[in-house]
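**Q** Sequence and predicted structure are below.
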Amino acid sequence: MSKDTSVLLEEDRVFKPHYTIVEEAHIKNWEAEIEKGKDHEKYWEEKARMFDWFKKWDMVLDESNKPFYKWFVNGKTNMTHNAVDRWIETDKRNQVAILYVNERGEERKLTYYELHREVNRTANVLKRLGIRKGDAVAMYLPMCPELVISMLACAKIGAVHSVIYSGLSVGALVERLNDAKAKIIITADGTYRRGKVIKLKPIVDEAILQCPTIETTVVVKHTDIEIEMSDISGREMLFDKLIEGEDDECETEEMDAEDPLFILYTSGSTGKPKGVLHTTGGYMVGVASTLQMTFDIHNGDLWWCTADIGWITGHSYVVYGPLLLGTTTLLYEGAPDYPDPGVWWSIVERYGVTKFYTAPTAIRHLMRFGDKHPRKYNLKSLKILGTVGEPTNPEAWIWYYKNIGRERCPIIDTWWQTETGMHLIAPLPVTPLKPGSVTKPLPGIEADIVDENGKPVPLGKGGFLVIKKPWPAMFRTLFNDEERYINVYWKQIPGGVYTAGDMARKDEDGYIWIQGRSDDVLNIAGHRIGTAEVESVFVAHPAVAEAAVIGKEDPIKGEVIKAFLILKKGHQLNAALIEELKRHLRHELGPVAVIGEMVQVEQLPKTRSGKIMRRILRAREEGRDPGDTSTLEE
Ligand code: WT7
């Protein structure tokens, strides 16, 4: 018997794909595709052929300077050419590329042709403002077409974009602008949120006082508030004014496959945020082909990924992936529960969304309001659902599957990271699913679960998740911090593998279960338990809406569990419920799941992308400094 207790969380339901999904699927045989992917260079090279290259690569993968890998060596291409311009020559020319919708019910549609023109005009403006290949341009914008247009305009002329999520504040902005040495910042007057307008420009005005590299602020007039131009230097300009009368033809910059495409900052548990650098060719091949595999994109699909473009999910799967495949991508500006918790489903019904991708935190949140909201809408257009960001608790999975997917839609639980750029572990639509498991590495990806010496751990036992072979959309370094790149990701575990920083286990069918970040995992009397597993058991109890657990020092056990619980309406954490929850945990996880303390809370500290920040709970508990909190939701 394995000493590890995590195997005690048994989730043995298996969901086979609905026949309509199998009928339509591009890839019908999952196992055979995985087999094909074992020749991984050949596999990804084949995927690269779906794009236009100005010059073909000499070599698929250069491993001569590990861990600085190169993909599609000496290949020349351009992201915007492939995501936008090439569609103009096809029957997608007048198809909607971007469908923008906001919480006020307003919409804006841009066809591929219109997008192409707007991107060219914006690219010309950037050039006129002095931007050249390799220069950094920052964006601090809400979910709006101008954000996508600006990113694509950068890619068109070889500028490197650095998108900063519009919910971050002055300090975070200053740090990111200075690290990237951005020359221009593109912002907006404000953003719509829950019936109000949140001003953005004053935050930029304050930040750039401390950012000497910023030469110009470009302001998009997005809402109906008055813009206060704070211009003293003549370096503040309105986006609309700038593009007015601008030429709608723009030369495409020929980019090397390894030329930088963007920097995106992600918070580290200590120290300053990490500037994750992605390049052109491999990223293009990786995001488009994974989206094609995982969500089986077809002509006529309406794709909706609810992530903000300020995160990697938005970069890869709101902007680049869908446009590279010539599909229609829905951009929604608003909260999931405003004006009411049925708003997302009303949009699915109104536009006929076919593929829908969101985060477990949103599902858990909407679950609390019950099934009466989704029941009001016709969700028949939906074919495939997905999740990303955290482990999907089986309870939330089932709710999503029944109430949104109406037991017809597979749930594609995609494991990946800002650093990986693309999905790495996820099912395909035809894969038999187990709620809570991310199933197996995608075709072309080799992952394993190992101990600290790099030895594979036995089935059922928890260990470190590693990626054993390079993949095309992998980040190439941490901007301005090569040492950290090497030490954090490539040195932790011997064998030259990529250390993801997550713990996971494999079950008897080889299915992978993510247990949580390795610095979050609990160690109780020598037993390792994933935070995800304990939290899922809590969430499965009818009184609990959300849970976060941390380890708390204990003189006897080493560590015991401290749980922070958000209860459903009408429940109170009294002695009777505490006893009942303890019994429930013991029953599901066994006697090792020792609860030291339970507290009822109204909120949990989360990142703005919805992940529970357990290290903040831990730091608070131990009276320590919580480290970088720039992405903490207020
Ligand atoms: C971390 C990466 C990748 C886009 C969003 C987050 C966790 C991500 C899953 C999943 C369990 C997941 C991991 C990972 N994570 N997807 N499907 N199941 N955990 O990007 O902010 O870079 O975070 O998110 O812990 O390491 P990110």
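**A** Good, I have the coordinates. As the structure is a computational prediction, the values presented were derived from the model and not from experiment. Numbers count the residues shown, from 1 in each chain.

**Q** from here on, contacts and neighbour counts on C-alpha atoms
**A** Will do.

**Q** For beta bridges, what are the partners of the closest residue to K109 other than its chain neighbours?
**A** For K109, ignoring the flanking residues on the chain, the nearest one in space by C-alpha to C-alpha, 6 or more residues apart in numbering is L99 at 4.7 Å. Note on L99: beta-bridge partners K109, L330, judged by DSSP bridges.

**Q** just the helices in the stretch 451-600 of the chain please.
**A** Counting by DSSP state H, counting those that start in this stretch, the stretch 451-600 of the chain has helices at residues 482-489, 531-539, 575-589.

**Q** Find the one among those with the highest mean neighbour count.
**A** helix 531-539 (a mean of 24; mean count of other C-alpha atoms under 10 Å).

**Q** For whichever residue of the stretch 101-250 of the chain sits closest to the ligand, the count of nearby residues, please.
**A** Nearest residue of the stretch 101-250 of the chain to the ligand (C-alpha to the nearest ligand atom) works out as Y165 at 12.4 Å. The tally of other residues near Y165 (other C-alpha atoms under 10 Å) stands at 23.

**Q** which residues does it contact?
**A** 140-142, 308-311 (C-alpha atoms under 8 Å, 6 or more residues apart in numbering).

**Q** between those residues, which has the most around it?
**A** L141 (30 neighbours).

**Q** so that residue touches L168, yeah?
**A** No: between L141 and L168 there is no contact under C-alpha atoms under 8 Å: 10.8 Å.

**Q** Tell me if Q210 really is in a helix.
**A** No: read with DSSP: H, G, I helix; E, B strand; the rest coil, Q210 is coil and lies in no helix.

**Q** That one contacts V174, correct?
**A** Yes: with contact defined as C-alpha under 8 Å, Q210 counts as touching V174 (6.6 Å).

**Q** separation between D301 and I384?
**A** Using C-alpha to C-alpha, to the nearest Å, D301 is found at 11 Å from I384.

**Q** Spit out the residues that contact these two alike.
**A** The overlap between the contact sets of D301 and I384 (C-alpha under 8 Å, 6+ apart) consists of 354-355.

**Q** if you count what's nearby, which of those two comes out ahead?
**A** Taking other C-alpha under 10 Å, D301 and I384 do not tie; I384 has more neighbours (24 against 20).

**Q** thinking again about what came up before, same list, the helices of the stretch 451-600 of the chain, but as CSV with distance to the ligand and mean pLDDT please.
**A** Shown next, in CSV, are the helices of the stretch 451-600 of the chain (distance: least, C-alpha to the nearest ligand atom, whole Å; pLDDT from 0 to 100):
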stretch, distance to the ligand, mean pLDDT
helix 482-489, 12, 96
helix 531-539, 8, 91
helix 575-589, 19, 91
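
**Q** so how many other residues sit close to the nearest residue to T279 once chain neighbours are set aside?
**A** Nearest residue to T279, sequence neighbours excluded (C-alpha to C-alpha, 6+ apart): P260, at 4.1 Å. Counted with other C-alpha under 10 Å, the neighbours of P260 add up to 23.

**Q** dump the residue contacts of P260.
**A** Contacts of P260 by C-alpha under 8 Å, 6+ apart are 134, 160, 277-280.

**Q** quick one: strands adjacent to the lowest-mean-pLDDT helix or strand in the chain?
**A** In the chain, no helix or strand scores lower on mean pLDDT, DSSP states H and E than strand 527-529, which sits at a mean of 80. Partners of strand 527-529 in the sheet, by DSSP bridges, are strand 522-524 (antiparallel).

**Q** Those residues of the chain touching the ligand, which are they?
**A** 312-313, 388-391, 413-418, 502, 514, 516-517 (C-alpha under 6 Å from any ligand atom).

**Q** and if we set it to 5 Å?
**A** 313, 388-391, 413-418 (C-alpha under 5 Å from any ligand atom).

**Q** Just these: which are in helices?
**A** T313 (DSSP state H).

**Q** Can you tell me which of the residues of the chain next to the ligand has the largest number of neighbours?
**A** Neighbour-wise, these (other C-alpha under 10 Å) top out at D413, 32 neighbours.

**Q** Can you list the low-confidence ranges for the stretch 51-200 of the chain?
**A** Scanning the stretch 51-200 of the chain for pLDDT under 70 picks out nothing.

**Q** can you give me the strands in it?
**A** Here the stretch 51-200 of the chain has its strands, by DSSP state E, counting those that start in this stretch, at 59-62, 70-73, 76-77, 96-102, 107-111, 136-140, 160-163, 184-188, 190-193, 196-199.

**Q** Switch those strands over to CSV; also include distance to G558.
**A** Converted to CSV, the strands of the stretch 51-200 of the chain look like this (distance: least, C-alpha to C-alpha, whole Å):
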stretch, distance to G558
strand 59-62, 46
strand 70-73, 45
strand 76-77, 55
strand 96-102, 50
strand 107-111, 56
strand 136-140, 45
strand 160-163, 43
strand 184-188, 50
strand 190-193, 45
strand 196-199, 46
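
**Q** burial count for A543?
**A** A543 sits with 19 neighbouring residues when counted by other C-alpha under 10 Å.

**Q** what's the answer for D12, then?
**A** Neighbour number of D12 under other C-alpha under 10 Å is 9.

**Q** What strand or helix carries L277?
**A** strand 274-279 (DSSP states H and E).

**Q** pLDDT on that strand, on average?
**A** In this model, strand 274-279 has an average pLDDT of 97.

**Q** Compute the inter-axis angle for that strand and helix 482-489.
**A** Put simply, strand 274-279 runs at 100 degrees to helix 482-489, going by axes from the mean of the first three to the mean of the last three C-alpha atoms, to 10 degrees.

**Q** how about strand 274-279: buried residues?
**A** 274-279 (16 or more other C-alpha atoms under 10 Å).

**Q** Quick one: the strands in the stretch 201-350 of the chain, in order.
**A** Taking DSSP E, counting those that start in this stretch as the criterion, the stretch 201-350 of the chain carries its strands at 216-220, 236-238, 255-256, 260-266, 274-279, 302-305, 328-333.

**Q** now the angle between strand 136-140 and the first one, please.
**A** Using the same axes, to 10 degrees, the interaxial angle of strand 216-220 with respect to strand 136-140 works out to 40 degrees.

**Q** I'd like to know how far the nearest residue to A525 once chain neighbours are set aside sits from the ligand.
**A** In space, and not counting its chain neighbours, A525 is closest to K557: 4.6 Å by C-alpha to C-alpha, 6+ apart. Look at K557 and the ligand: by C-alpha to the nearest ligand atom, to the nearest Å, they are 26 Å apart.

**Q** just checking, K557 touches I524?
**A** Yes: using C-alpha under 8 Å, K557 makes contact with I524 at a distance of 5.9 Å.

**Q** In PDB, could you pull the C-alpha coordinates for the longest helix seen in the chain?
**A** Scanning the chain for the longest helix, with DSSP H as the assignment, gives helix 112-128. The C-alpha trace of helix 112-128 is given here as PDB (Å, rounded to 0.1, in the frame of the first residue of the first chain):
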ATOM      1  CA  TYR A 112     -11.500  40.100 -40.700                       C
ATOM      2  CA  TYR A 113     -11.300  42.700 -43.400                       C
ATOM      3  CA  GLU A 114     -12.200  45.500 -41.000                       C
ATOM      4  CA  LEU A 115      -9.800  44.200 -38.400                       C
ATOM      5  CA  HIS A 116      -7.000  44.100 -41.100                       C
ATOM      6  CA  ARG A 117      -7.600  47.700 -41.900                       C
ATOM      7  CA  GLU A 118      -7.700  48.900 -38.300                       C
ATOM      8  CA  VAL A 119      -4.600  46.900 -37.500                       C
ATOM      9  CA  ASN A 120      -2.700  48.500 -40.400                       C
ATOM     10  CA  ARG A 121      -3.800  52.000 -39.500                       C
ATOM     11  CA  THR A 122      -2.700  51.400 -35.900                       C
ATOM     12  CA  ALA A 123       0.600  49.900 -37.000                       C
ATOM     13  CA  ASN A 124       1.200  53.000 -39.100                       C
ATOM     14  CA  VAL A 125       0.500  55.200 -36.100                       C
ATOM     15  CA  LEU A 126       2.900  53.300 -33.900                       C
ATOM     16  CA  LYS A 127       5.600  53.700 -36.600                       C
ATOM     17  CA  ARG A 128       4.800  57.400 -36.800                       C
END
